[in-house]
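1. Sequence and predicted structure, then a few things I'm wondering about:
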Amino acid sequence: GLLLAARDAWTFDVLQVALKGGAIDKRYELLVDGALEGEQTLGAPIARHPTDPRRVHVCLDPLDRRIPVARPARTELLAASAVGDRFTRVTAKALVAVRHQIRAHLAAIGHPLVGDWLYGGSSRELLHRHFLHASELRFRHPRTAEPLRVTSELPPELATFLEEAS
């Protein structure tokens, strides 16, 4: 998937401010377990997991004692379509992304990413990774302020898996 990198310190600083301020539109293609309905926003804050440093904890309960130390996180599910009778393909947008945000948000509502063993996704022997792909970035050029849109097609292993799952 896509990765945004800066070639100098000034550009890095500008992009970091844009990222933290939500001015970089990051879109992802993912495949989740189960049937997931259309557009929705997942806005539960995310904290460190209490016992597993590899994971994060989504604070779904408003009385969760971790909320004061949790980071705000918002995942917008922009589109969802059934893939066969077991999966849903989702286009998601992460605003001010927090570590594992999309993976954890979807798992917290009962729809973990296919292949994501860390968050309870179904294990797929033909897919040796979780089904998450950074597919699009929209932002303004740091120096010219020109609107930019960069895209990336699904890699072959994800495209093949999707075809076989249909």
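-> Arrived safely. Predicted model, so just to flag it, every value in this text is computed and none were measured. Residues are numbered from 1 along each chain as shown.
2. Going by C-alpha atoms from here, please, whenever you check contacts or count neighbours.
-> Will do.
3. partners of Ala134 in the sheet?
-> Note on Ala134: beta-bridge partners by DSSP bridges are Tyr28.
4. Could you find the residue nearest the spatial middle of the protein?
-> Central residue of the chain (CA atoms, centre = their mean): Ile102, 3.3 Å from the mean position.
5. Chain neighbours aside, what residue packs nearest to it?
-> Nearest residue to Ile102, sequence neighbours excluded (CA to CA, 6 or more residues apart in numbering): Thr75, at 6.5 Å.
6. Using the three-state scheme, assign the one you found.
-> Classification of Thr75 using DSSP: H, G, I helix; E, B strand; the rest coil returns strand.
7. Tell me which residues of stretch 32-47 come out buried.
-> Val32, Asp33, Gly34, Ala35, Leu36, Leu42, Gly43, Ala44, Pro45, Ile46, Ala47 (16 or more other CA atoms under 10 Å).
8. give the contact list for the closest residue to the fourth one other than its chain neighbours.
-> Once its chain neighbours are removed from consideration, Ala35 has its nearest residue in Thr88; the separation is 5.7 Å (CA to CA, 6+ apart). The contact partners of Thr88, taken as CA atoms under 8 Å, 6 or more residues apart in numbering, are Leu31, Val32, Asp33, Gly34, Ala35, Leu36, Ala80, Ser81, Ala82.
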